[in-house]
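Asks: Output the structure for:
(one chain, ligands or ions: 2)
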Amino acid sequence: MDWAYQSSFSIEGGNFENAGKASIEIKKILKNLKISDEILRRTAIVVYESELNIISYADQGVINLSVTGDKILISVDDVGPGIEDIELAMQEGYSTATDRIREMGFGAGMGLLNIKNCSDELQIFSEVNKGTHLSIIINRMERES
Ligand SMILES: Nc1ncnc2c1ncn2[C@@H]1O[C@H](COP(=O)(O)OP(=O)(O)OP(=O)(O)O)[C@@H](O)[C@H]1O
Ligand SMILES: [Mg+2]
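Replies: Numbering: from 1, shown residues only. Ligands and ions are numbered 1, 2, ... in the order given. Presented below is the predicted three-dimensional model:
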């Protein structure tokens with residue numbers, strides 16, 4: 001099967017009122033496409049953590065979702081401060097979240113790790129003072145567990 005579905009979501013930095021909206025939208029789309037619950041769950045986590053990071057740290061961003069017969073591709077691009085040390089940022093518990101972000105219940109330093117654990121492939125590119133790009137693949141074939 002080589003059909004493909006594609007859509008893009010714009011995310012505004014600093015706008016916590018919209019937190020989670022893209023991931024809710026994407027869940028609906030994937031349900032309509034009859035994507036299995038486990039793949040839907042992993043995709044929703046990846047999108048949720050990505051949108052929260054744009055809202056928390058960047059000026060603006062775009063999340064692009066593509067679905068093919070065998071893969072879900074999520075690409076995330078933002079304009080913002082970038083990540084100086086990606087390895088450090090990936091570490092469990094590492095966070096530069098401000099008090100304001102922490103008061104809203106975010107900033108545990110788990111987001112990027114969560115994205116990694118839910119992805120089959122993850123690439124992160126970032127340039128300081130320019131922005132961050134994430135490229136994520138989730139295979140639609142269930143993982144053997
Ligand atoms: N898009 C981004 N732009 C700039 N910095 C980022 C971006 N995403 C993550 N970071 C940096 O990496 C750190 C770790 O991100 P991660 O998502 O793992 O945790 P968090 O956002 O701090 O907390 P949590 O996701 O658990 O609420 C952030 O605190 C921030 O310093
Ligand atoms: Mg985060």
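
Asks: Check whether the host helix or strand of Ser75 comes into contact with ligand 2.
Replies: Counting by DSSP states H and E, the element that carries Ser75 is strand 71-79. No: contact of strand 71-79 with ligand 2 (Cβ under 5 Å from the ion) is absent, the minimum separation being 11.8 Å. (Glycine included, C-beta is placed from N, CA and C.)

Asks: From the contact counts, what lies against that strand?
Replies: helix 37-57, strand 60-68, strand 131-139 (3 or more Cβ pairs under 8 Å, 6 or more residues apart in numbering; DSSP states H and E).

Asks: Show me how far whichever helix or strand comes after it is from its chain's centre.
Replies: Following strand 71-79 in sequence order, the next helix or strand is helix 86-90 (DSSP H and E). Helix 86-90 has its C-alpha centroid displaced from the chain centroid by 15 Å (Cα atoms, centre = their mean, to the nearest Å).

Asks: Report the buried residues of helix 86-90.
Replies: Neighbour counts using 16 or more other Cβ atoms under 10 Å place 89-90 of helix 86-90 among the buried residues.

Asks: Can you pull out the low-pLDDT segments for the chain?
Replies: Within the chain, the ranges that satisfy pLDDT under 70 run 1-2, 142-145.
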